[in-house]
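Enquirer: next comes the sequence, and after it the predicted model I'd like to discuss.
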Amino acid sequence: MLIHLVAVGTRMPAWVAEGYHEYAGRLPRECSLRLVEIPPCKRRKTLNTERIKELEGEQILAALPPQGTVIALDEHGMAWDTKSLATRIQDWMQGGHDVALLVGGADGLSDECLQRADLRWSLSAHTLPHALVRVIIAEQLYRAWTILAGHPYHRA
């Protein structure tokens with residue numbers, strides 16, 4: 001199974017790339033993480049927030065794998081603890097399809113992306129910087145996978 005992290009934003013600070021690659025690189029081949037960066041829409045006076053979200057959303061939807069589960073990272077989504085994330089990963093792996101995690105731009109995800117999503121996941125009640133979200137997702141996926149593998153990384 002391949003997990004596609006489809007995220008708006010390019011040219012991240014070095015610490016983001018290092019943190020993301022540290023944890024993504026620890027995941028095994030059967031549960032690997034692939035980052036798909038979507039360039040943010042250039043802001044112009046002629047584009048309002050909704051139109052920017054629509055344009056970024058079109059690029060996000062075009063980057064999705066042909067089949068699989070789509071999960072929108074959304075502040076109104078469900079909070080999953082690490083053990084429930086591990087259970088979800090196990091289900092995804094058994095399902096045999098890829099998974100796509102969607103991270104919107106500064107204005108969030110378009111309505112089309114939210115409608116396409118099979119699930120909505122909230123990482124926190126706080127608003128997090130989108131760069132940090134990449135690192136958190138990679139670490140949490142690795143942590144959940146270690147539970148499934150019986151690895152001592154996660155201590156409940």
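Expert: Done, it's in. Being a predicted model, the structure only gives us computed values, none of them experimental.
Enquirer: which phi and psi does the nearest residue in space to Ala149 that is not next to it in sequence have?
Expert: In space, Ala149 comes closest to Pro28 once its chain neighbours are excluded; the distance is 7.9 Å by Cβ to Cβ, 6 or more residues apart in numbering. In this view, the C-beta of every residue, glycine as well, is placed from N, C-alpha and C. Its backbone dihedrals place Pro28 at phi -80, psi 170, with angles given as degrees, to the nearest 10.
Enquirer: can I assume Ala138 is in contact with Leu33?
Expert: Yes: contact between Ala138 and Leu33 holds when scored by Cβ atoms under 8 Å: they sit 6.0 Å apart.
Enquirer: overlap in contacts, these two.
Expert: Counting by Cβ atoms under 8 Å, 6 or more residues apart in numbering, the common neighbours of Ala138 and Leu33 are Leu5, Tyr23, Ala24.
Enquirer: show me the contacts for Leu141.
Expert: Counting by Cβ under 8 Å, 6+ apart, Leu141 makes contact with Ile3, Tyr23, Leu27, Cys31, Leu33, Leu85, Ile89.
Enquirer: could you dump the shared contacts of Ala138 and Leu33 to JSON lines with pLDDT, secondary structure and distance to Tyr142?
Expert: Written out in JSON lines, the entries for these read as follows (pLDDT from 0 to 100; DSSP: H, G, I helix; E, B strand; the rest coil; distance: Cβ to Cβ, whole Å):
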{"residue": "Leu5", "pLDDT": "98", "secondary structure": "strand", "distance to Tyr142": "13"}
{"residue": "Tyr23", "pLDDT": "98", "secondary structure": "helix", "distance to Tyr142": "4"}
{"residue": "Ala24", "pLDDT": "98", "secondary structure": "helix", "distance to Tyr142": "8"}
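Enquirer: and which of those residues is nearest Leu64?
Expert: Leu5 (11.8 Å; Cβ to Cβ).
Enquirer: cool, thanks, signing off.
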